[in-house]
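Enquirer: next comes the sequence, and after it the predicted model I'd like to discuss.
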Amino acid sequence: MIAISCVFVVAYILIATEHYVKINKSASALLAAGLMWTIWSVVSPMGVEHVIIELNEKLAETAAIVFFLISAMTIVEVTDAHGGFEVITSRIKATKLISLLWVISFIAFFLSAILDNMTTTIVMVTLMKKILKEHTQRLFFAGMIVIAANAGGAWSPIGDVTTTMLWIGGQITTLEIMKGVFIPSVVNILIPLIITSFIMKGNVVAPDTVESDGTPISEFEKNLMFCLGMGSLMFVPIFKGITHLPPYLGILLALGFLWLVGNILHRNKPDEERDTLRLAKALKRIDMASVVFFIGILLAVATMSANGQLPSLAAWLAEKLNNQSLIVIIIGLASSVVDNIPLVAATMGMYPLSHFPTDSFIWEFLAYCAGTGGSILVIGSAAGVAAMGIEKINFFWYAKKIGPLALAGYFGGIAAYLLQHMLL
């Protein structure tokens with residue numbers, strides 16, 4: 001047991017310090033998963049056959065999440081390749097910086113509920129290069145986009161990987177998570193925006209030149225693929241609610257339909273254009289390193305769930321702190337330092353559904369805290385890391401300029417959630 005814990009701790013440190021040690025977090029996660037299950041198969045008192053049964057069960061749970069993520073990422077890539085997101089962004093006409101910030105933040109907030117926080121951040125931060133000339137202004141906008149995207153992703157079952165994990169795992173349902181976490185998430189972004197409104201001055205200065213994409217896309221194609229892409233993602237919760245089948249099956253069905261329409265749409269185009277826009281190429285553009293990381297970290301955490309370490313940790317925390325709200329708040333703050341995916345996966349293993357049923361207080365509160373706590377530091381969320389890479393955001397600049405705003409929003413949302421829970 002000690003050896004398994006040591007492997008996980010070392011892997012966790014390597015994942016958290018990825019940008020400093022220059023070791024890809026996917027490699028650390030895969031090594032941890034392989035070593036932890038191997039050690040458990042050797043020391044398990046129930047024998048290797050029982051461990052294999054446990055591993056197969058955990059693999060099925062992990063595969064459901066991975067299938068969902070690959071399909072969702074592919075749909076987003078196809079929509080982006082067709083210029084679909086310009087349907088939204090081309091309508092932005094703000095001339096004042098603060099007005100633009102409010103518009104961009106709320107677009108990111110609602111867009112991330114349909115897409116996911118990382119994808120939304122990539123789209124919106126990239127867009128800012130076409131709207132704002134000054135790099136220092138774009139840095140601040142990028143930081144606020146991270147806060148907005150993480151807040152927007154927290155209240156939607158498909159808006160954040162951790163919320164998706166809770167949804168697929170049966171800890172939350174679509175309507176309840178939207179009703180329970182929407183208001184706290186709005187408060188989370190409103191507080192930083194209100195504070196910034198007293199500070200930010202000036203007008204929007206557009207860049208001198210705007211680069212255009214090489215492949216010609218008609219307005220009809222943009223609108224059609226945008227509607228189909230967004231409709232495909234919104235179809236999944238409806239599919240699950242009606243059929244009660246797993247979400248990954250619904251999104252695979254939606255992806256198949258989108259693929260079919262794409263083939264029909266481009267079947268008469270020249271080979272070069274058709275190859276650029278076809279869905280097969282979108283599969284090559286998705287971030288497979290992140291997908292592999294999810295596989296590794298989920299299987300690694302599953303080891304500690306299978307051997308009883310996580311339930312034991314839950315009992316110890318309950319005894320020492322005796323306050324579920326405080327435990328979840330601490331998990332949210334910790335997600336600003338380390339990846340929130342293993343934190344949520346560990347929490348899911350700590351609190352079984354038999355004791356904490358679907359839509360319990362702890363699951364909704366965890367979705368909010370883990371989803372928004374990562375905004376406090378730039379390395380605390382996939383959205384932050386994405387923005388960091390695109391705009392070369394400095395860790396300490398973010399901690400000084402954006403971190404306090406994110407922290408204020410985090411605790412403001414906590415107060416809103418607890419008040420709402422107490423009243424309702």
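Expert: Great, that's in hand.
Enquirer: CA atoms for contacts and neighbours, from now on please.
Expert: Noted.
Enquirer: quick check: Gln137 vs Ile107, distance?
Expert: Using C-alpha to C-alpha, to the nearest Å, we find Gln137 at a distance of 18 Å from Ile107.
Enquirer: and the residue lying closest to Ile402 once chain neighbours are set aside, what is it in contact with?
Expert: For Ile402, ignoring the flanking residues on the chain, the nearest one in space by C-alpha to C-alpha, 6 or more residues apart in numbering is Gly143 at 6.0 Å. By C-alpha atoms under 8 Å, 6 or more residues apart in numbering, the contact list for Gly143 reads Gly384, Ala387, Tyr398, Ile402.
Enquirer: need the max-distance pair from those residues.
Expert: Comparing all pairs in the contacts of Gly143 by C-alpha to C-alpha, the longest separation belongs to Ala387 and Ile402, at 12.6 Å.
Enquirer: correct me if wrong, but Ala113 is in a helix.
Expert: Yes: counting by DSSP: H, G, I helix; E, B strand; the rest coil, Ala113 falls inside a helix.
Enquirer: which stretches of the protein have low pLDDT?
Expert: Low-confidence segments of the chain, defined by pLDDT under 70: 16, 89, 208-216, 271-280, 310-311, 314, 338-339, 389.
Enquirer: looking at it, which helix is longest?
Expert: helix 48-81 (DSSP state H).
Enquirer: I'd like to know how far Ile402 sits from Phe361.
Expert: Taken as C-alpha to C-alpha, the span from Ile402 to Phe361 is 29 Å.
Enquirer: neighbour count winner among these two?
Expert: Ile402 (24 against 16; other C-alpha atoms under 10 Å).
Enquirer: thinking the more buried one is in contact with Ile145, fair?
Expert: No: using C-alpha atoms under 8 Å, Ile402 is not in contact with Ile145; the gap is 10.5 Å.
Enquirer: and the nearest residue to Met73 once chain neighbours are set aside, what is it in contact with?
Expert: Spatial nearest neighbour of Met73, chain neighbours left out: Ile286 (6.1 Å); criterion: C-alpha to C-alpha, 6+ apart. Going by C-alpha under 8 Å, 6+ apart, Ile286 touches Ile70, Met73, Thr74, Glu77.
Enquirer: Ala408: which of these is nearest?
Expert: Closest to Ala408, out of all of these and judged by C-alpha to C-alpha, is Met73, at 31.1 Å.
Enquirer: show me where the stretch 51-200 of the chain has its helices.
Expert: 86-89, 97-114, 117-131, 135-154, 161-168, 174-197 (DSSP state H, counting those that start in this stretch).
Enquirer: what is the fifth one packed up against?
Expert: It refers to helix 161-168. Contact partners of helix 161-168 among helices and strands, from 3 or more C-alpha pairs under 8 Å, 6 or more residues apart in numbering; DSSP states H and E: helix 48-81, helix 340-350, helix 361-373.
Enquirer: among the ones you listed, which comes closest to Pro247?
Expert: It is, among the helices and strands packed on helix 161-168 and with distance given as C-alpha to C-alpha, helix 48-81, at 7.1 Å.
Enquirer: that closest one: which residues count as buried?
Expert: 51, 54-55, 58, 61-62, 64-81 (16 or more other C-alpha atoms under 10 Å).
Enquirer: same check on stretch 118-131?
Expert: Across stretch 118-131, burial judged by 16+ other C-alpha under 10 Å covers 118-129, 131.
Enquirer: now swap in stretch 85-100 and tell me
Expert: Residues of stretch 85-100 classed as buried by neighbour count (16+ other C-alpha under 10 Å): Phe85, Glu86, Thr89, Leu97, Ile98, Ser99, Leu100.
Enquirer: so what's the fifth one up against?
Expert: Which is Ile98. Counting by C-alpha under 8 Å, 6+ apart, Ile98 has contacts Thr196, Ser197, Met200, Lys201, Gly202.
Enquirer: now these: which count as buried?
Expert: Using 16+ other C-alpha under 10 Å as the threshold, Thr196 are the buried ones among the contacts of Ile98.
Enquirer: tabulate the contacts of Ile98 in JSON lines, adding columns for distance to Leu423.
Expert: Below are those laid out as JSON lines (distance: C-alpha to C-alpha, whole Å):
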{"residue": "Thr196", "distance to Leu423": "30"}
{"residue": "Ser197", "distance to Leu423": "31"}
{"residue": "Met200", "distance to Leu423": "36"}
{"residue": "Lys201", "distance to Leu423": "39"}
{"residue": "Gly202", "distance to Leu423": "41"}
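Enquirer: how about the nearest residue to Ala148 once chain neighbours are set aside, what does it touch?
Expert: For Ala148, ignoring the flanking residues on the chain, the nearest one in space by C-alpha to C-alpha, 6+ apart is Phe109 at 4.8 Å. By C-alpha under 8 Å, 6+ apart, the residues touching Phe109 are Ala148, Ala149, Asn150, Ala151, Gly152, Gly153.
Enquirer: just name the closest of the residues you listed to Met422, please.
Expert: Using C-alpha to C-alpha, the contacts of Phe109 come closest to Met422 at Ala151, 21.5 Å.
Enquirer: so who does the residue nearest to the closest one when sequence neighbours are not counted touch?
Expert: Closest residue to Ala151 apart from its sequence neighbours, by C-alpha to C-alpha, 6+ apart: Ser185 at 5.0 Å. Residues near Ser185 by C-alpha under 8 Å, 6+ apart: Ala151, Gly152, Ala154, Trp155, Tyr368, Gly413.
Enquirer: sorry, back to before: which of the contacts of Phe109 has the most neighbours?
Expert: Busiest of those [other C-alpha under 10 Å] is Ala151, holding 38 neighbours.
Enquirer: right, and it touches Ile191 too?
Expert: No: when contacts are counted by C-alpha under 8 Å, Ala151 is not listed as touching Ile191 (11.7 Å).
Enquirer: shared neighbours of these two, anything?
Expert: Between them, Ala151 and Ile191 share no contacting residue, judged by C-alpha under 8 Å, 6+ apart.
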